[in-house]
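> Dropping the sequence and predicted coords here.
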Amino acid sequence: PVLDEHRVYWDRYEGCFDEGHYVEIDPFKLEQYEDCEDSIFQSLCYGEDPHQKNKCFDLDGHIQMCADHRPHYHEPFVHFTTSFLKDLKRVAFVGGGDNMILHEVLKYPTVEFVIGLELDQKCVRKSFKHFHTQPLFEDEKVQWWFGDATKSLTMLPKEYFGSFDLVLVDLSETATSLTVTDHLDMFEALSLLVKPDGIFVKNEIYIEKLSTLFDHTVTLYEDHIPMVCKQDFTMGSNRIDFLSPNFELTKKYKPETYVYKPLEDINTHYRILKDYSKNDARAQGNCEKLDANIYDSDEQRRAGIVMIVEAEDATGASMPAEKMEETLRKAITRSGASPLSSIAQPSEHGGAAVIISMKQGYVVAHSWPEHNYVGLEIHLWSQFVQLETIKSSLLEAVGSTTGPWSTYRIVAGGMLGTDNWKEEQATIGPRPIESRNCDPINSSGPDKTTIGIVMEEGLSLIEKKEDTTVLVLCGDNTKDSCKSLDAFKNKGIKNLVAVWSCPEAEMEGSNGLEMKNGVDSIVLCGSVDSTEWLVDIVTKYGMIGFIAVDPDAARTVVRSLTSLVLEESETHEDDILTDNAITVVPLLGESHKHQKALVQARRQRRVVDEYAASHEVTVGPLGTGMKIWFSATRHPAFLSDVADVASSIKNRTGIEAAVTGNKLDIIDSTVPFDGYYGTMDDYETVPGLIQFSNQLPLGFQSIYQFEYKKKAPLSATKFKGILERILAEMNLSVTASAISSESGDGSLIAFTLKAGHAIVLWDGGTHVDTNLFTYDETIQHKDVFAEKFMEYVEGLEYVLRDEMPRGTGHVVNSMDEIGTRTPGCYDVYQWCSIYAEEGKCTTDKEWMETNCSKTCGVC
């Protein structure tokens with residue numbers, strides 16, 4: 001019978017939980033500690049079990065990541081993929097807000113640039129707090145873009161597309177179904193980031209979608225993962241066929257891994273391969289000339305980019321407000337931008353607050369002389385290519401040319417009616433890249449000699465030909481024709497046996513082994529319900545290591561062999577087939593349904609820890625050529641070996657031949673996990689813990705984005721009056737204000753405060769941004785400021801919400817999350833304070849001093 005793969009897949013998944021092959025977690029409580037917080041997008045929870053050295057991260061009630069299965073998820077995601085690359089310089093990841101993908105990627109010193117697109121800043125910041133995974137805002141080769149990825153993709157520099165060696169996508173199904181432009185969905189836009197010889201990876205099974213985008217696709221499947229039981233990945237590439245890993249980067253740099261160790265055990269690579277397909281772009285209709293106008297030309301969807309810059313060791317931090325204003329205006333002019341109006345006021349801590357509007361956007365600066373720190377932000381709505389130049393010019397102006405500084409980007413609101421918008425669009429967003437194989441089809445196909453060459457080349461898969469019993473299933477014995485058998489004669493095979501069938505009218509039975517044309521043969525008649533004929537062969541020649549099924553083989557004989565594999569006969573497979581037996585089965589249309597059942601049956605493992613696989617080779621055109629399936633057990637590099645067979649067939653026949661499909665093992669019971677459980681100790685956490693303790697937040701900033709749903713007109717005057725009213729109600733003292741409407745259809749309304757700033761950006765249409773920065777982080781940005789703003793401007797709805805601390809020490813977290821600042825002194829676990837209250841600093845002194853040194857007062 002043909003297996004119902006969908007049913008077996010989910011039986012296998014559910015069985016994992018039924019049989020307890022995971023670590024239990026009650027959503028979301030590990031021990032009694034939990035840290036939960038809602039963002040505008042989702043509910044984030046973090047929990048820990050200190051004595052198991054485990055921490056977990058949960059989104060909306062679904063476990064995303066735990067220390068115990070961190071290696072099982074991220075190692076295949078990153079290192080399995082790099083096993084096919086010869087170089088790794090540019091990497092993009094989407095999702096991955098726990099910062100763990102970033103750290104796996106940076107294990108390769110060749111990496112020159114990494115860009116991360118993440119929706120929710122809270123995920124990045126809270127993961128740093130709990131897992132101590134640094135986001136590396138201060139690393140110049142790491143670039144973070146926060147915001148809706150559908151918008152971020154339209155804002156990326158056009159040269160980014162088609163430039164990445166590796167694109168890693170860790171998103172939910174809902175996110176990937178969204179549209180980016182009028183012409184592209186999320187998958188299609190992300191796929192354009194990959195180089196022709198690069199690799200695209202998506203968590204979960206998306207082989208159908210990726211098969212329409214790439215020439216080669218493969219899925220990975222793991223069913224032995226702590227906590228979550230199973231995990232899948234899908235990969236695509238247009239130049240890499242995933243058949244033969246080179247392991248060049250693995251051998252050269254030896255990245256530290258815990259479960260994926262192909263240089264020590266090749267099984268860790270091949271056992272997770274599931275399905276492979278080679279895809280015909282011509283047959284899919286994907287070889288038409290691509291439309292260069294695939295960006296979204298809808299003016300209402302314009303966006304802007306905010307770059308946050310934390311300039312530390314800034315020698316210019318002590319400049320008075322007027323001097324700071326003058327210096328920054330000159331720097332902006334030098335960078336090629338056009339400053340317009342500006343306001344500058346001293347701040348309550350002896351520093352300065354400066355806001356400068358530009359034709360291209362605006363710049364904000366806040367200085368703290370005491371800490372040699374200047375907090376900068378650059379918001380552009382045009383001439384985006386100048387962003388890095390403006391940043392460098394501003395850093396030079398405030399005397400922070402050598403760093404350290406931290407940067408990240410937020411995709412925010414833009415401005416309608418700006419000059420040269422069409423020219424701007426030509427520099428950003430997706431561009432068409434023709435990297436699929438669209439070469440003309442070679443129309444030649446297999447002929448009557450091809451099957452013999454296929455079988456002959458298949459013999460190369462046998463490790464010890466002279467000792468292997470080779471079984472050939474032929475057709476009607478009265479016709480005396482078997483091309484597969486002819487291929488094996490005179491090949492030095494000592495134990496070659498042919499199995500023939502009787503004409504259908506013959507009675508049940510077997511004539512026993514006898515010589516026929518120089519080959520020991522057996523003729524089977526009738527329905528062949530018994531498998532005793534296999535026992536006779538093994539008794540005389542030994543266990544069978546290679547089975548060739550001729551295209552003319554009788555269905556009764558094929559069915560009998562299938563019953564052996566499915567354990568439906570009185571004979572056990574282990575008594576007939578060698579551990580690494582190989583089967584070669586041509587499938588020549590619907591009439592070969594019994595051969596197809598045999599291929600499916602050969603995918604079942606006899607024991608839970610062995611490797612089983614079936615690989616399809618197509619000889620001739622992809623759609624119409626001859627399909628041959630090669631199956632094996634306990635042959636880990638079988639896929640690579642079958643690829644070599646296909647290459648040999650092509651060389652001998654002159655006909656296109658390639659591996660075009662792959663079906664790995666499928667069984668009804670779950671493989672028990674009896675291997676590695678990760679812990680927090682597996683990864684370097686000390687640098688993150690030190691950074692966490694060294695952070696010095698000096699203020700809190702929010703950028704909220706809204707869409708206006710009413711028809712009543714908006715105006716800069718209205719926004720200015722509302723902003724003044726809200727600031728007065730919040731007792732935030734205004735020191736200066738200005739309105740700038742010279743850049744486009746909308747307006748910039750800016751206020752400097754005694755302790756911060758408040759800005760409203762209206763794009764002239766329906767999009768409104770608020771930008772509030774307060775030195776006092778206890779001020780309620782969302783619950784008071786934003787809610788009042790929505791109340792007074794009736795018709796506004798949230799679109800995005802970004803909140804971040806500002807300050808020094810490569811700040812990531814607010815003081816509320818840090819607690820008492822003790823540079824260089826830290827706790828590994830949040831539970832330390834509870835343990836200390838229980839007196840464990842004394843009763844469990846060694847463990848507490850190692851893991852809770854801050855709470856126990858050791859440092």
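Looks like it came in fine.
> what packs against the strand or helix carrying Gln64?
Take DSSP states H and E as the rule and Gln64 turns out to sit in strand 62-66. Secondary-structure packing of strand 62-66 (3 or more C-beta pairs under 8 Å, 6 or more residues apart in numbering; DSSP states H and E): strand 54-59. Bear in mind the C-beta positions are built from the backbone N, C-alpha and C, glycine included.
> ok, now with 10 Å
Contacts defined by 3 or more C-beta pairs under 10 Å, 6 or more residues apart in numbering; DSSP states H and E place strand 62-66 against strand 43-49, strand 54-59, helix 70-75, helix 121-131.
> Export only the CA atoms of it, formatted as CSV.
Taking Å, rounded to 0.1, in the frame of the first residue of the first chain, the C-alpha atoms of strand 62-66 are listed here in CSV:
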residue,chain,number,x,y,z
HIS,A,62,3.9,28.7,21.9
ILE,A,63,7.5,27.7,22.8
GLN,A,64,9.9,29.4,20.5
MET,A,65,13.3,28.4,22.0
CYS,A,66,14.9,26.8,25.1
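> same question for that strand, mean pLDDT?
For strand 62-66, the mean per-residue pLDDT is 86.
> can you check stretch 598-616 too?
Averaging pLDDT along stretch 598-616 gives 76.
> outside of the strand or helix carrying Ile726, which residues touch it?
When secondary structure is defined by DSSP H and E, Ile726 falls within helix 716-729. Residues from elsewhere that reach helix 716-729, judged by C-beta atoms under 10 Å, 6 or more residues apart in numbering: 712, 715, 732-734, 737-741, 746-751, 753, 756, 758-762, 764, 768, 770, 772, 784-789, 791-793.
> Going by neighbour count, which residues in that helix are buried?
716, 718-720, 722-723, 726-727 (16 or more other C-beta atoms under 10 Å).
> and the end-to-end length of stretch 396-410?
Taking C-alpha to C-alpha, to the nearest Å, stretch 396-410 runs 23 Å from one end to the other.
> Would you mark the buried spots in that stretch?
Buried residues in stretch 396-410, counting neighbours by 16+ other C-beta under 10 Å, are found at 397-400, 405-410.
> So which of the residues you listed is the closest to Ala317?
For the buried residues of stretch 396-410, the residue nearest Ala317 by C-beta to C-beta is Val398; the value is 6.7 Å.
> if I pick the closest one, what's in contact with it?
Contact analysis of Val398 by C-beta under 10 Å, 6+ apart lists 309, 311, 314-317, 319, 324, 327-328, 331, 365, 367, 372-374, 376, 405.
> any idea how far Phe773 is from it?
Distance from Val398 to Phe773, counting by C-beta to C-beta, to the nearest Å: 17 Å.
> those helices in the stretch 1-150 of the chain, which residues are they?
In the stretch 1-150 of the chain, the helices defined using DSSP state H, counting those that start in this stretch lie at 5-18, 70-75, 81-82, 100-105, 121-131, 149-155.
> now the angle from the fifth one to strand 43-49?
In this structure, helix 121-131 runs at an angle of 0 degrees to strand 43-49, with axes from the mean of the first three to the mean of the last three C-alpha atoms, to 10 degrees as the basis.
> what residue ranges in this protein score low on pLDDT?
Within the chain, the stretches with pLDDT under 70 are 1-33, 173-176, 224, 290-301, 442-443, 464-466, 505-511, 605-611, 664-675.
> Can you check which helix is longest in it?
helix 638-653 (DSSP state H).
> so how far is stretch 583-603 from its chain's centroid?
With C-alpha atoms, centre = their mean, to the nearest Å as the basis, stretch 583-603 stands 34 Å off its chain's centre.
> try stretch 256-271
The chain centroid and the centroid of stretch 256-271 are separated by 19 Å, computed with C-alpha atoms, centre = their mean.
> got the end-to-end distance for that stretch?
Stretch 256-271 has an end-to-end distance of 20 Å (C-alpha to C-alpha).
> could you list every residue that touches Arg334?
Going by C-beta under 10 Å, 6+ apart, Arg334 touches 389-390, 392-394, 396-397.
> JSON lines for those, including secondary structure?
Putting those into JSON lines (DSSP: H, G, I helix; E, B strand; the rest coil) gives the following:
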{"residue": "Thr389", "secondary structure": "helix"}
{"residue": "Ile390", "secondary structure": "helix"}
{"residue": "Ser392", "secondary structure": "helix"}
{"residue": "Ser393", "secondary structure": "helix"}
{"residue": "Leu394", "secondary structure": "helix"}
{"residue": "Glu396", "secondary structure": "helix"}
{"residue": "Ala397", "secondary structure": "helix"}
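> quick one: which of the residues you listed is nearest Thr179?
Once C-beta to C-beta is applied, the member of those that ends up nearest Thr179 is Ile390, at 31.4 Å.
> Please determine how far the closest one is located from Glu312.
Counting by C-beta to C-beta - Ile390 and Glu312 are separated by 19 Å.
> More neighbours: which of those two?
Taking neighbours as other C-beta atoms under 10 Å, Ile390 and Glu312 compare with Ile390 leading, 25 against 22.
> just checking, that one touches Met307?
Yes: the pair Ile390 and Met307 passes the contact test of C-beta atoms under 10 Å, sitting 8.3 Å apart.
> tilt between the host helix or strand of Val167 and strand 62-66?
In this assignment (DSSP H and E), Val167 forms part of strand 164-170. Here strand 164-170 runs at an angle of 130 degrees relative to strand 62-66 (the same axes, to 10 degrees).
> Name every strand pairing with strand 164-170 and say which way it goes.
Applying DSSP bridges, strand 164-170 is found paired with strand 90-95 (parallel), strand 194-203 (parallel).
> Quick one: closest of those strands to Ser853.
Across those, Ser853 has its closest neighbour in strand 90-95 (33.5 Å, C-beta to C-beta).
> For the closest one, buried residues please.
By 16+ other C-beta under 10 Å, the buried positions in strand 90-95 come out as 90-95.
> can you check stretch 203-223 too?
Across stretch 203-223, burial judged by 16+ other C-beta under 10 Å covers 203, 205-207, 209-223.
> count of neighbours near the closest residue to Leu213 other than its chain neighbours?
Spatial nearest neighbour of Leu213, excluding adjacent residues (C-beta to C-beta, 6 or more residues apart in numbering): Ser191 at 4.6 Å. If you count neighbours by other C-beta under 10 Å, Ser191 ends up with 25.
> shouldn't Ser191 be in contact with Tyr206?
No: checked against C-beta under 10 Å, the pair Ser191 and Tyr206 is beyond contact range at 11.0 Å.
> so what's in contact with these two at the same time?
In contact with both Ser191 and Tyr206: 169, 213, 236, using C-beta under 10 Å, 6+ apart.
> quick one: contacts for the first one?
In this case it means Val169. For Val169, the contacting residues are 77, 92-96, 117, 149, 175-176, 186-187, 190-191, 193, 200-204, 206, 233-234, by C-beta under 10 Å, 6+ apart.
> tell me the helices in the stretch 751-859 of the chain, going along the chain?
Assigned by DSSP H, counting those that start in this stretch, the helices in the stretch 751-859 of the chain fall at 787-792, 815-818, 832-837, 840-843, 845-851.
> Adding mean neighbour count, write these out as TSV.
Below are these laid out as TSV (neighbours: other C-beta atoms under 10 Å):
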stretch	mean neighbour count
helix 787-792	16
helix 815-818	17
helix 832-837	17
helix 840-843	14
helix 845-851	14
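> Of those, which is nearest Val585?
Comparison of the helices of the stretch 751-859 of the chain against Val585 by C-beta to C-beta identifies helix 845-851 as nearest, at 57.8 Å.
> The helices of the stretch 751-859 of the chain: which one's closest to Gly620?
Nearest to Gly620 among the helices of the stretch 751-859 of the chain is helix 815-818 (62.5 Å), distances taken as C-beta to C-beta.
> tell me which strands and helices that closest one is in contact with?
Judged by 3+ C-beta pairs under 10 Å, 6+ apart, helix 815-818 is in contact with helix 121-131, helix 686-694, strand 696-708, strand 796-808.
> Which elements pack onto the second one?
In terms of contacts (3+ C-beta pairs under 10 Å, 6+ apart), helix 686-694 is packed against helix 121-131, helix 815-818.
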